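**Student:** with the input below, show me the fold.
(chains A, B, C and D)
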Number of protein chains: 2
Amino acid sequence: MAREQRQATMADVARKAGVSVSTVSRALRGLPTVSPDARDRVERAARELSFALSRSASSLVTGKTGRVAVLMPGLERAPWFLGTALTGMASGLSEAGLDLLVYVVTNEAERAEFFDRLPARRNADALMVTSFILTEEERERLDDLGVPVVFASQHAPGRASVYVDDVAAAHQGVRHLINLGHRHIAHLRLAVEDSFVWSAQDRLVGYRRALKEAGLPWDDSLVVHAEYGRGGVRRAVGWLLSLPQLPTAVFVESDEMAFEVLGVLRSCGIDVPGRMSVLGFDDHPLAEAMDLSTIAQSAWDTGREAAGLVSSILAEPCGDPARHVVIPTRFIPRGTTAAPPQDAAAVSSGGGTQWGAASADPTEGF
Amino acid sequence: MAREQRQATMADVARKAGVSVSTVSRALRGLPTVSPDARDRVERAARELSFALSRSASSLVTGKTGRVAVLMPGLERAPWFLGTALTGMASGLSEAGLDLLVYVVTNEAERAEFFDRLPARRNADALMVTSFILTEEERERLDDLGVPVVFASQHAPGRASVYVDDVAAAHQGVRHLINLGHRHIAHLRLAVEDSFVWSAQDRLVGYRRALKEAGLPWDDSLVVHAEYGRGGVRRAVGWLLSLPQLPTAVFVESDEMAFEVLGVLRSCGIDVPGRMSVLGFDDHPLAEAMDLSTIAQSAWDTGREAAGLVSSILAEPCGDPARHVVIPTRFIPRGTTAAPPQDAAAVSSGGGTQWGAASADPTEGF
DNA sequence: CTGAAAGCGCTTACAG
DNA sequence: CTGAAAGCGCTTACAG
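**Tutor:** Residues are numbered from 1 along each chain as shown, chains lettered A, B, ... in the order given. Model prediction:
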């Protein structure tokens, strides 16, 4: 394939159209200072030669590459969110005539290499950083990059960013569980060392805040970290199922993990929501079919808005460096959350478990 | 952020190192014809100025961009597969020192635009096409691209490609269902007009072949097309559940769709695998927790191998233009497939349904 | 409205 | 082993 014919250059087009290279350049970029006749001849010649602009050549003189880079964790970490956000970015950028360069970082070695070499440097007009918890040095390194940086799916104070209010969203979801009467609410998240990823920290904060607000005591053992990879969630659920006091609800960091929790609970014969309520985060396309209660956010919008911020910064480099967009979330109650089983309250109020003090009428929240 | 300091050029490095630009260029590329001393001074100067190479400038003279483009459908179409394959590609390319340019096409308009403008043209050294069913014109258009094309997740005869043997894989899976005693096996797939995507055609062929081989009659109504988007799978399952003769098993195009089928069946109170077996395709990370029987394939390997083919073609442009890699699949029996209910055979052998002729001892396959 | 010329930052013969 | 020079394919003042 790939007939190795020489690609036509502007000089070829110019010759064929009977004009100078300058005129070809102007005509093709749609500048007004070209006569209709010349423009016509140029366009025809370009089409006939199937001319394509060499961005290398033009960016050498303009200093603009026409490319935007994005740095992401391996997409298999959160396929739906990252994949959809990436698609949104691509869509937004392509409307702005910008190409998308993707840097995927799947482990610490690649991460170190990225920040060491900064390959995006001089090869992109801007960088989007998605779902990365950066260290202070990494952040400073990016400041030296020489191109604007936009953070997506994370709130970077003082920098351009697009994000959801994870604290408020998690708070709202957990409050729903409390309103249903739950008093022993676990939180399942990815292990911190695997937490390449995003807003999990804030969701934990929101969870904690909701418990505190309701006067529920804090219990470390209810926050479980699942290792990334097969079996991680099963082991984490195992931890919860072997606690002295069984939680009656779990708030899970993402829908994808929540689906897995549902599968594990089913295989253990634990009825959802009869014995345990499960609440996710995302409103993944499968959530509806799974009847999963969840907190919806739009990954697509996150990507689009990040692309939009990039365009806006490129167009207006001296505007507010901390411009940002907050993507809304909304809680969607479905079938996996319900009032806790009657005996759950009985147990905790009856015995000397650590939860005795928190026991209460399960309906008081209503 | 983005202190707009001028980026250091090779001339700056040369001045600082006290050598010529040529020597800087040679030293930085690791050419052997540089004295250790000069190499040393250049490397230090480059580091101190945090020099980064302008690919635009070097590609202008070498004719190589150092970039490989990939064309994909919107990742939300098959988040796990496309996201993981993309990650594998990025990983493979980055080892080869190549950047990844992503073109996502989410609808017909974008598709037409891509093939009309061929933005990858002159801006990438190669193009990977993933999970796209191309028309004849599109394929020819790509031949005019002037760069090598590698097809991923699809078998393109005569072109470089990496793929799984979908026919054999589907055949094997469906044979398993037949061996279990199923005689009324449905197949659920994405609606054809939404089939931006891959190997679905071949899976249908494998399904058909297995039925034929087992002497089962062909029944069009057992092949259901789900529209893309929310509710599509539910409606498709609804079709199956209202057939005169209920199928006892469904082979689903992908695990992600199969999960949805499981959710819908559960919400309808139909026991899996008691009343209906469900077989997926992919071995999605969730499949284990969902206890879904499936046919495993490695999206990661598909991406890696595609990147490998690109490297090999770039290194050896005159090798076999049809070089290809076949990624293995393997059938994984889990809990969603089992023998059909006893009465299923009874019904079909008893009455004048279209399936009467095919009725048989459900165990004969063993 | 148009063209000739300079120059963007590299790599690559070529000469030494 | 090293450097001066040409040139990759564009865009952009500048002059007309």
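**Student:** quick one: low-confidence ranges for chain A?
**Tutor:** For chain A, the stretches with pLDDT under 70 are A:1-6, A:192-198, A:344-366.
**Student:** tell me where it has helices.
**Tutor:** Remark: helices assigned in chain A by DSSP state H are A:10-17, A:21-28, A:36-48, A:55-62, A:79-95, A:108-117, A:136-143, A:166-180, A:200-213, A:232-241, A:255-267, A:287-290, A:299-315, A:342-350.
**Student:** find the one among those with the highest mean neighbour count.
**Tutor:** Compared across the helices of chain A, helix A:79-95 shows the largest average neighbour count, a mean of 26 (mean count of other Cβ atoms under 10 Å in any protein chain shown). C-betas here are computed from N, CA, C, even on glycine.
**Student:** for it, which helices and strands make contact with it?
**Tutor:** Applying 3 or more Cβ pairs under 8 Å, 6 or more residues apart in numbering or on different chains; DSSP states H and E, we find helix A:79-95 packed against strand A:67-73, strand A:99-105, strand A:126-130, helix A:255-267, helix A:299-315, helix B:79-95, strand B:99-105.
**Student:** now those in a markdown table, with distance to DNA strand D?
**Tutor:** What follows is the helices and strands packed on helix A:79-95, written out as a markdown table (distance: least, Cβ to the nearest atom of the strand, whole Å):
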| stretch | distance to DNA strand D |
| --- | --- |
| strand A:67-73 | 15 |
| strand A:99-105 | 15 |
| strand A:126-130 | 18 |
| helix A:255-267 | 44 |
| helix A:299-315 | 14 |
| helix B:79-95 | 24 |
| strand B:99-105 | 18 |
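**Student:** now the helices of chain A as a markdown table including distance to DNA strand C?
**Tutor:** Below are these laid out as a markdown table (distance: least, Cβ to the nearest atom of the strand, whole Å):
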| stretch | distance to DNA strand C |
| --- | --- |
| helix A:10-17 | 8 |
| helix A:21-28 | 3 |
| helix A:36-48 | 4 |
| helix A:55-62 | 4 |
| helix A:79-95 | 24 |
| helix A:108-117 | 15 |
| helix A:136-143 | 19 |
| helix A:166-180 | 41 |
| helix A:200-213 | 39 |
| helix A:232-241 | 44 |
| helix A:255-267 | 43 |
| helix A:287-290 | 49 |
| helix A:299-315 | 19 |
| helix A:342-350 | 67 |
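**Student:** follow-up on the earlier one: can I get the helices and strands packed on helix A:79-95 in JSON lines with distance to B:W239?
**Tutor:** Converted to JSON lines, the helices and strands packed on helix A:79-95 look like this (distance: least, Cβ to Cβ, whole Å):
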{"stretch": "strand A:67-73", "distance to B:W239": "38"}
{"stretch": "strand A:99-105", "distance to B:W239": "39"}
{"stretch": "strand A:126-130", "distance to B:W239": "39"}
{"stretch": "helix A:255-267", "distance to B:W239": "25"}
{"stretch": "helix A:299-315", "distance to B:W239": "29"}
{"stretch": "helix B:79-95", "distance to B:W239": "25"}
{"stretch": "strand B:99-105", "distance to B:W239": "30"}
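**Student:** which of those sits closest to A:A214?
**Tutor:** Smallest distance to A:A214 across the helices and strands packed on helix A:79-95 (Cβ to Cβ): 21.9 Å, for helix A:255-267.
**Student:** now that closest one against helix A:232-241, angle please.
**Tutor:** 60 degrees (axes from the mean of the first three to the mean of the last three Cα atoms, to 10 degrees).
**Student:** which residues does helix A:255-267 contact?
**Tutor:** Helix A:255-267 has contacts (Cβ atoms under 8 Å, 6 or more residues apart in numbering or on different chains) with A:78-80, A:188, A:190, A:226, A:233-234, A:237, A:250, A:252, A:272, A:276, A:278-284, A:286-287, A:290, A:292, A:294, A:336, B:259, B:286, B:289-291.
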